[in-house]
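> here is a sequence together with a model predicted from it:
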Protein chains: 2
Amino acid sequence: MALIVHKYGGTSMGTTERIRNVAKRVAKWVRAGHQLVVVPSAMSGETNRLLGLAKELSPEVVTPPIQRELDAIAATGEQVSVGLLSIALQAEGLEAVSYSGWQVPIRTDSSYTKARIQSIDDARVRADLAAGRVVVITGFQGVDEEDNITTLGRGGSDTSAVAVAAAMKADECLIYTDVDGVYTTDPRIVPEARRMSTISFEEMLEMASLGSKVLQIRSVEFAGKYRVPLRVLSSFTPWDIDINEEAKSGTLITFEEDENMEQAVVSGIAFNRDEAKVTLLGVPDKPGVAFQILGPVADANIDIDVIIQNVSHDGRTDFSFTVHRNDYARTMDLLKNKVAPATGAAQVLGDPKICKVSIVGIGMRSHVGVASKMFQCLSEEGINIQMISTSEIKTSVVIDEKYMELAVRALHKAFDLDQPVQN
Amino acid sequence: MALIVHKYGGTSMGTTERIRNVAKRVAKWVRAGHQLVVVPSAMSGETNRLLGLAKELSPEVVTPPIQRELDAIAATGEQVSVGLLSIALQAEGLEAVSYSGWQVPIRTDSSYTKARIQSIDDARVRADLAAGRVVVITGFQGVDEEDNITTLGRGGSDTSAVAVAAAMKADECLIYTDVDGVYTTDPRIVPEARRMSTISFEEMLEMASLGSKVLQIRSVEFAGKYRVPLRVLSSFTPWDIDINEEAKSGTLITFEEDENMEQAVVSGIAFNRDEAKVTLLGVPDKPGVAFQILGPVADANIDIDVIIQNVSHDGRTDFSFTVHRNDYARTMDLLKNKVAPATGAAQVLGDPKICKVSIVGIGMRSHVGVASKMFQCLSEEGINIQMISTSEIKTSVVIDEKYMELAVRALHKAFDLDQPVQN
């Protein structure tokens, strides 16, 4: 008997017919002798519908007191889901009980719309499991010290599931989703993309942060911190497929480096086109200039990703960084009207039509020449690299957006990701 | 400065445009110097939508564990309403905060789908009011001792509002609804029906229990128990009508008998066609027979309204009672297969096509001949009376359903209810 956490996304919960299928799948696991905790998302479209109503009433201003209400409103989507799933499980002949985040409770800080989980009291859930019940817990939400409802931000149900699995010391956390695992890259761009049967935690972290949308990054961080065995698998297989086959399907996120992993130098190609590039030309180069530039950007609550500072020339340097594309106009304003005058920069340039393409692989730690192979490949395709950023297990380049698909396909081939893994 | 509780029904909360109008009306009261607690219902149609989803998953079986989930699901309708209204109030420039029943908390017993309020902790609400905030509290729901969400049953938001007003010792509780007050009878049946500017608590209690659907009966009971000044008024007046005019509109439920009331012997005509009549003929008349008949009915959770036992004849009696029409088939089954054999009754008869028409008036206490005037009026219309039931301030008759409108109109005229009240 194992303690298993299942997480189902909004698509899997989209209709009562699909909820019934989720219940049948959960019932299969229970009848195989396991204890089950299930964390479902809101029915697809529901969170948007609810927040749309709120937006009609306050289209622009979003103060903290309004964010508090937005969280209370959005949280109802999952509250409905857990109730419906619990009813469906009971209709399948199981005992089941649902809890909202506050009932467990799942305690968070008070950062409305992007709260972080601080603790989970598992006493009530354990008692239910011991009594033979399936426990269904709302994803996406918790409650702060003053009993205000908070939400964890988009995709937060992944994090809820992993956090519950961590708190309960679950044997495995299964994330059922609309893809059947983690791929070497997005199969919509590269049809030859291959599903990985395992991926290391560090690689998954890079893939998630670099734009692979299979898992919310905070859920991966959580899994890493508490070493929660995490599996991403398809919710579209028939509910009655063999449980042993299902238990091995998808992609397992692992914490030990095995020999297979050493063989794949590069495991995957990640990309995103959500970013924009801004550049300050001719900034007088003196100590503290980076802070002078980025301080006001951070104060404006704008997240910065890649940062490049060129070597200085005649006492002046060029300084580039990328921000989310939604923040592009605001960032350009800030640089032109505030930062450039303050730092004495000669010129402000901007380009929203860029993308970031990254190779990720734990094997890069012990292999040299991986980055240069990447650059060679892009050069052969005539793609100009605008910015480069590296870490121990990934190399990212910023290039013109129009080359994105070409770059991803070329790199996928250059690193043999379309070939079967050799064991 | 007064402390006022406003309650708005689902129609008033039906769209964001209407919610904005509710916010403007509340703002008017706040700007006139009052402290406001607002209790809104779910957006119209929402509770039915949610329970419809649940019903798709478990069409027939409704066990207590499923009722628990139904309550958690249905409660989200009001949770969304309070969040939206709080946002609309903030958009109007007020400070506002919403609470679900469990956050106040409003404690109830654990009778899912028909819970009763046991206590309300007003500390948090008072602190918000003192800080200048409008407090928006979910109607219809509470939380039991084990932190399970409960609901109070259909129309429960009226009861929530009155209970909150009682706990806070509010100066007045205003029930904004889609009628503009309490009428001498339903204006859809009798166009001459007149709105009463006041009605005594006892009369309101009879009107509510006899079928006038303006207020949930439990809210009237609550108002009586705690002497909460309660006013029913229209939510369809323009939000910006003069506040003094609005404050005097609708119908006030009063607790003192003034002279005006003494003059109106009959205040209103109530009616309902939700009932069915069943009769046991030739029951051997011995001590305990009423319990032998009604015990099994009560055990089957069937509510009984009017009960008539005829005088005994040759040691046998006839026994009739009415039940809700939804319980008619079940009651007939029970009587035929269980009660009749056990009591030795000769025959079981039933008639679902009946209605109950009642005259209500606190003046009946001190006037004789009111009931006989009623019977004379019906006799003149050729309407046969099947059952009669009386209390201190009402007389009800059960008649053939097809005579309902005729009876109501004739009684309304006979008791001069279409005439202006003489002061």
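Perfect, thanks for sending it.
> where does the prediction get shaky in the stretch 101-250 of chain A?
Nowhere does the stretch 101-250 of chain A drop to pLDDT under 70.
> any idea whether the residue of the stretch 301-423 of chain A at minimum distance from chain B is helix, strand or coil?
Closest residue of the stretch 301-423 of chain A to chain B, C-beta to the nearest C-beta: A:Asn301 (20.8 Å). Where C-beta positions appear, they are placed from N, C-alpha and C, glycine not excepted. Put simply, A:Asn301 is coil when judged by DSSP: H, G, I helix; E, B strand; the rest coil.
> now it, what are its backbone angles?
Reported as degrees, to the nearest 10, the phi and psi values for A:Asn301 are phi 60, psi 30.
> per-residue pLDDT, it?
Per-residue confidence (pLDDT) for A:Asn301: 85.
> let me see the contact set for it.
Under the criterion of C-beta atoms under 8 Å, 6 or more residues apart in numbering or on different chains, A:Asn301 has no neighbours.
> kindly report the same for A:Ile383.
Listed by C-beta under 8 Å, 6+ apart, the contact partners of A:Ile383 are A:Ile399, A:Asp400, A:Tyr403, A:Leu406, A:Ala407.
> can you give me the distance of the closest residue in space to the third one that isn't next to it in sequence to A:Phe415?
This means A:Tyr403. Nearest residue to A:Tyr403, sequence neighbours excluded (C-beta to C-beta, 6 or more residues apart in numbering or on different chains): A:Ile383, at 4.6 Å. Computed as C-beta to C-beta, to the nearest Å, the A:Ile383 to A:Phe415 distance reads 16 Å.
> so what's A:Ser320 bridging to?
Following DSSP bridges, A:Ser320 is listed with bridge partners A:Thr279, A:Ile308.
> A:Val278 is in contact with that one, correct?
Yes. The pair A:Ser320 / A:Val278 is scored as a contact, 6.9 Å apart, by C-beta atoms under 8 Å.
> with neighbour numbers in mind, choose between these two.
Remark: of A:Ser320 and A:Val278, A:Val278 carries more neighbours, 25 against 20, as counted by other C-beta atoms under 10 Å in any protein chain shown.
> what residues are up against A:Ala88?
Here A:Ala88 is in contact with A:Thr16, A:Ile19, A:Arg20, A:Val22, A:Ala23, B:Leu57, B:Ser58 (C-beta under 8 Å, 6+ apart).
> that's a helix at it, yeah?
Yes. Under three-state DSSP, A:Ala88 falls within a helix.
> show me the contacts of A:Ala88 that map onto helices.
Among those, the members found in helices (DSSP state H) are A:Thr16, A:Ile19, A:Arg20, A:Val22, A:Ala23, B:Leu57.
> which of these tops the neighbour count?
Among the ones in helices among the contacts of A:Ala88, the one with the most neighbours (other C-beta under 10 Å) is A:Ala23, at 27 neighbours.
> next, show the common contact partners of A:Ser320 and A:Val278.
By C-beta under 8 Å, 6+ apart, no residue touches both A:Ser320 and A:Val278.
> just checking, what packs against the helix or strand hosting A:Ser358?
Assigned by DSSP states H and E, A:Ser358 belongs to strand A:354-360. Using 3 or more C-beta pairs under 8 Å, 6 or more residues apart in numbering or on different chains; DSSP states H and E as the contact test, the elements touching strand A:354-360 are helix A:201-210, strand A:268-272, strand A:275-284, strand A:394-400, helix A:404-414.
> enumerate the residues of the stretch 51-200 of chain A near chain B.
With C-beta under 8 Å from any C-beta of the partner chain as the criterion, the stretch 51-200 of chain A comes near chain B at residues A:53-54, A:56-58, A:61, A:63, A:65-66, A:68-70, A:72-73, A:75-76, A:79-80, A:82-84, A:86-88, A:90-91, A:95-98, A:100, A:102-103, A:147-149.
> where does the stretch 301-423 of chain A dip in pLDDT?
In the predicted model, the stretch 301-423 of chain A carries pLDDT under 70 at residues A:421-423.
> any idea what sits nearest A:Ala91, other than its immediate chain neighbours?
B:Ser58 (4.6 Å).
> can you report how many residues neighbour A:Lys402?
Here the number of neighbours of A:Lys402 (other C-beta under 10 Å) works out to 11.
> what's in contact with stretch A:9-28?
With contacts defined as C-beta under 8 Å, 6+ apart, stretch A:9-28 is touched by A:6, A:8, A:36, A:38, A:40-47, A:81, A:84-85, A:88-89, A:91-94, A:134, A:157, A:176-178, A:235, A:239-240, A:243, B:53, B:56-57.
> let's see that with 7 Å instead.
Here stretch A:9-28 makes contact (C-beta atoms under 7 Å, 6 or more residues apart in numbering or on different chains) with A:6, A:8, A:36, A:38, A:40-44, A:81, A:84-85, A:88-89, A:92, A:94, A:134, A:176-178, A:235, A:239-240, A:243, B:53, B:56-57.
> tell me the mean pLDDT for that stretch?
Stretch A:9-28 shows a mean pLDDT of 96.
> residues near A:Val368, how many?
Neighbour count of A:Val368, defined by other C-beta under 10 Å: 8.
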